[in-house]
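Trainee: I'd like to go over a predicted model; first the sequence, then the structure.
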There are 2 protein chains.
Amino acid sequence: MSVSGDTHMERLRLDAPADALTRLFFIFGSPIAHVRAPVVWSTLMKRYSANALMLPADVDAERFDTALAGVKGMANVDGVIFTMPHKFAAMKHADVLSARARRIGSINLLRRRAGGSWEGDNVDGAGFVVGVRADGIRLQGAHVYLHGCGGVGRSIGWSLAMEDIARLTLFDLDATRAHALAEAIRQDSKVRIEVATKAGGPDMRETDLAINASPLGLNAGDALPFSVDRLPPHAVVADVIMDPRTTALLHAASAHGLKVHHGRNMMNHAMPVAASFFGLDDAFDWNGASVQG
Amino acid sequence: MSVSGDTHMERLRLDAPADALTRLFFIFGSPIAHVRAPVVWSTLMKRYSANALMLPADVDAERFDTALAGVKGMANVDGVIFTMPHKFAAMKHADVLSARARRIGSINLLRRRAGGSWEGDNVDGAGFVVGVRADGIRLQGAHVYLHGCGGVGRSIGWSLAMEDIARLTLFDLDATRAHALAEAIRQDSKVRIEVATKAGGPDMRETDLAINASPLGLNAGDALPFSVDRLPPHAVVADVIMDPRTTALLHAASAHGLKVHHGRNMMNHAMPVAASFFGLDDAFDWNGASVQG
């Protein structure tokens, strides 16, 4: 009797980051090369032995609906993150929306619920606010300038307007977008909401916190979104751009003697919120862990 | 001047199996839990430092077209493997087919071509034949009994019929499926093709190689696909089922004193063919590597 099995020369020890039971998460974006979520989330999943991966989905706007419908059709996909340019287009794929996602008008998170339906949330702004507070920046009574009212800007604007700041000045190259956001926020917030007609607004001298939420700074050679020259010495300049870590705007602010707040704080502090949304908070030990790199 | 960055307590060393540049491959199947491709392929990708992952896609027949269209919409997806029950349904998603895939009528591989179109191939049968030869089993002049003419069975039948075997006896519970395959193969092969009207066929005493290509044996308690009692002492019994590694059929054959050929051989020997199809053969060093586990 001969029992012959496999005939290869050497046995391969199976030691893979994926197996048949791996739960999948995706981040949809275009371009995708600079996106940090796959490496950061997958590091944490590995560190805390969650059999799960955060995968890049390099999907342009034209293929977005098809690709997302496909991902939702995989029973082992538990959640999706959206970055540029998909946060608005993603919203219609949610069967249920959080109150803040409805207000903001876009989602950056989508999760599969127990019954098989999909729930959307937007935690960009929440992460930004938590990050700002963790960085010791005082929001109470602050005058805030927010440059850019697109996906991230809307989320940050709404979150700040739910805090006890004194004034929020909005600017967008598309003035109608800034006015629309201002009008919407005014319905729900006691904060004084203004719209600036030019970048930097009329009164940078009274600004305590100036935030770039536009894509300017993502590419080398981009113009500064606004000038930091007239900000008061105690002002903080924040950027939402994560790569480069220190944008030209933050370099200029530092050179001007101002405290800067890096874009990575937003993702870092939004991650625990997002992990909880995705049901991963039991796996991740946030005490002592960070997501820098 | 204060330059404050991230505020977490500890820096996390990024050490993840996925990043923004990871190339993605999927295996579509249902059920998916027993499928070995993700762990085996991903082990090799990691071992040979290919920034790529083979991921499970738990997709049922109803969601198949949607899910596959979605995966094809991700620019960082390079290829897809199909297992039960998708090999037939996958074929219409290929823009171009290999000659053998056209003959077999189903595909188990799909790759993105340079121009963005998708090419299908079917290497199950090719892998089976290479594995049988590597296991020292003589095909020349052999009488072969093939039990099951579904996706894998068709592929194996076609591949064997292109070899120098003497006779191929086909059986399927659905007799029309066996007859259709026999008729198609007869157009292109010099091998004597017969159709058995009952499991085991009329002449197991003259069979040199008996192959189970049906799903029987996948689940505990399945009936044996055919009896091994009348096979001659030199006969070999092969199974295509990979998990359990040794099926009830192979146990019975061993107990009867017959040489057995495990299902894992087919995948192991199809892998180099598939890796070449996917353009991964430069990354993988097949000399000395195996895919057991």
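Mentor: Looks like it came in fine. Numbering: from 1, shown residues only, chains lettered A, B, ... in the order given.

Trainee: Give me the distance between the residue lying closest to A:Arg23 once chain neighbours are set aside and B:Asp58.
Mentor: Leaving aside its sequence neighbours, A:Arg23 sits nearest to A:Ala52 (Cβ to Cβ, 6 or more residues apart in numbering or on different chains; 4.3 Å). C-beta coordinates here come from the backbone N, C-alpha and C atoms, glycine included. Separation of A:Ala52 from B:Asp58 (Cβ to Cβ, to the nearest Å): 14 Å.

Trainee: pLDDT below threshold where in chain A?
Mentor: A:1-11, A:285-293 (pLDDT under 70).

Trainee: repeat that with 80
Mentor: Scanning chain A for pLDDT under 80 picks out A:1-12, A:201-202, A:281-293.

Trainee: How about it: which residue is closest to chain B?
Mentor: A:Gly70 (1.1 Å; Cβ to the nearest Cβ).

Trainee: which phi and psi does that residue have?
Mentor: phi -70, psi -40 (degrees, to the nearest 10).

Trainee: In contact with it, which residues are there?
Mentor: B:Thr66, B:Ala67, B:Leu68, B:Ala69, B:Gly70, B:Val71, B:Lys72, B:Gly73 (Cβ atoms under 8 Å, 6 or more residues apart in numbering or on different chains).

Trainee: residue contacts, the closest residue to the first one other than its chain neighbours?
Mentor: If you skip the residues right next to it in sequence, B:Thr66 has A:Gly73 as its closest partner in space, 4.6 Å away by Cβ to Cβ, 6+ apart. A:Gly73 sits next to B:Val59, B:Arg63, B:Phe64, B:Thr66, B:Ala67, B:Gly70 when contact means Cβ under 8 Å, 6+ apart.

Trainee: Show me the helices in the stretch 51-200 of chain A, by range?
Mentor: A:64-72, A:99-104, A:124-134, A:151-161, A:175-188 (DSSP state H, counting those that start in this stretch).

Trainee: The third one vs chain B: in contact?
Mentor: Spelled out, that is helix A:124-134. Yes - using Cβ under 8 Å from any Cβ of the partner chain, helix A:124-134 reaches chain B at A:Gly131, A:Ala134.

Trainee: Report the buried residues of that helix.
Mentor: A:Asp124, A:Gly125, A:Ala126, A:Gly127, A:Phe128, A:Val129, A:Val130, A:Gly131, A:Val132 (16 or more other Cβ atoms under 10 Å in any protein chain shown).

Trainee: Over to the shortest one?
Mentor: Neighbour-count burial for helix A:99-104, counted by 16+ other Cβ under 10 Å, picks out A:Arg100, A:Ala101, A:Arg103, A:Ile104.

Trainee: Just the closest of these to B:Ala37, please.
Mentor: B:Ala37 lies nearest to A:Ala101 out of the buried residues of helix A:99-104, by Cβ to Cβ, at 36.7 Å.

Trainee: Against A:Gly151, how distant is that closest one?
Mentor: Counting by Cβ to Cβ, the gap from A:Ala101 to A:Gly151 is 12 Å.

Trainee: Assess the claim that A:Phe278 and A:Phe26 are in contact.
Mentor: No - the criterion here is Cβ atoms under 8 Å, and A:Phe278 misses it with A:Phe26 at 11.6 Å.

Trainee: rewinding a little: just the buried members of the contacts of A:Gly73?
Mentor: Judged by 16+ other Cβ under 10 Å, buried ones among the contacts of A:Gly73: B:Val59, B:Arg63, B:Phe64, B:Thr66, B:Ala67, B:Gly70.

Trainee: how much space between the fifth one and B:Arg112?
Mentor: This means B:Ala67. Relative to B:Arg112, B:Ala67 is positioned 16 Å away (Cβ to Cβ).

Trainee: so who does the most centrally placed residue in chain A touch?
Mentor: For chain A, the residue nearest the mean C-alpha position is A:Asp124 (4.3 Å; Cα atoms, centre = their mean). By Cβ under 8 Å, 6+ apart, the residues touching A:Asp124 are A:Asn108, A:Gly151, A:Val152, A:Ser155, A:Ile156, A:Ser159, A:Met266, A:Ala270.

Trainee: switch the cut-off to 6 Å
Mentor: Shown in contact with A:Asp124 (Cβ atoms under 6 Å, 6 or more residues apart in numbering or on different chains): A:Asn108, A:Val152, A:Ser155.

Trainee: ok, back up a step: looking at A:Phe278 and A:Phe26, which one has more neighbours?
Mentor: More crowded of A:Phe278 and A:Phe26, by other Cβ atoms under 10 Å in any protein chain shown: A:Phe26, with 26 against 23.

Trainee: need the contact list for the more buried one.
Mentor: The neighbours of A:Phe26, taking Cβ under 6 Å, 6+ apart as the test, are A:Leu55, A:Ala57, A:Val71, A:Val80.

Trainee: The third one against A:Val77, yeah?
Mentor: Meaning A:Val71. Yes - the criterion here is Cβ atoms under 6 Å, and A:Val71 meets it with A:Val77 at 5.3 Å.

Trainee: which one of the two has more residues nearby?
Mentor: A count of neighbours by other Cβ under 10 Å puts A:Val71 above the other of A:Val71 and A:Val77, at 27 against 23.

Trainee: quick revisit: so which of the helices of the stretch 51-200 of chain A is nearest B:Ser30?
Mentor: Nearest to B:Ser30, of all the helices of the stretch 51-200 of chain A, is helix A:64-72, at 14.9 Å by Cβ to Cβ.

Trainee: Let me know the angle separating the closest one from helix B:64-72.
Mentor: 120 degrees (axes from the mean of the first three to the mean of the last three Cα atoms, to 10 degrees).

Trainee: tell me how far helix A:64-72 is from the chain's mean position?
Mentor: For helix A:64-72, the separation from the chain centroid amounts to 20 Å (computed by Cα atoms, centre = their mean, to the nearest Å).

Trainee: which SS class is A:Phe26?
Mentor: strand (DSSP: H, G, I helix; E, B strand; the rest coil).

Trainee: and it, bridged to which residues?
Mentor: A:Leu55, A:Val80 (DSSP bridges).

Trainee: now it: how far from A:Met84?
Mentor: According to Cβ to Cβ, A:Phe26 stands 15 Å off from A:Met84.

Trainee: same check, this time on A:Ala220
Mentor: Distance from A:Ala220 to A:Met84, by Cβ to Cβ: 18 Å.

Trainee: Settle it for me: which of those two has more neighbours?
Mentor: Neighbours around A:Ala220 and A:Met84, counted as other Cβ under 10 Å, are more numerous at A:Met84. The numbers are 17 against 7.

Trainee: separation between the residue nearest to that one when sequence neighbours are not counted and A:Asp60?
Mentor: Counting by Cβ to Cβ, 6+ apart, A:Met84 lies nearest to A:Gly29, which is 6.1 Å off, once chain neighbours are set aside. Per Cβ to Cβ, A:Gly29 is found 10 Å from A:Asp60.

Trainee: So these two - more neighbours on which side?
Mentor: In terms of neighbours (other Cβ under 10 Å), A:Gly29 is the more surrounded of A:Gly29 and A:Asp60; the figures are 24 against 17.
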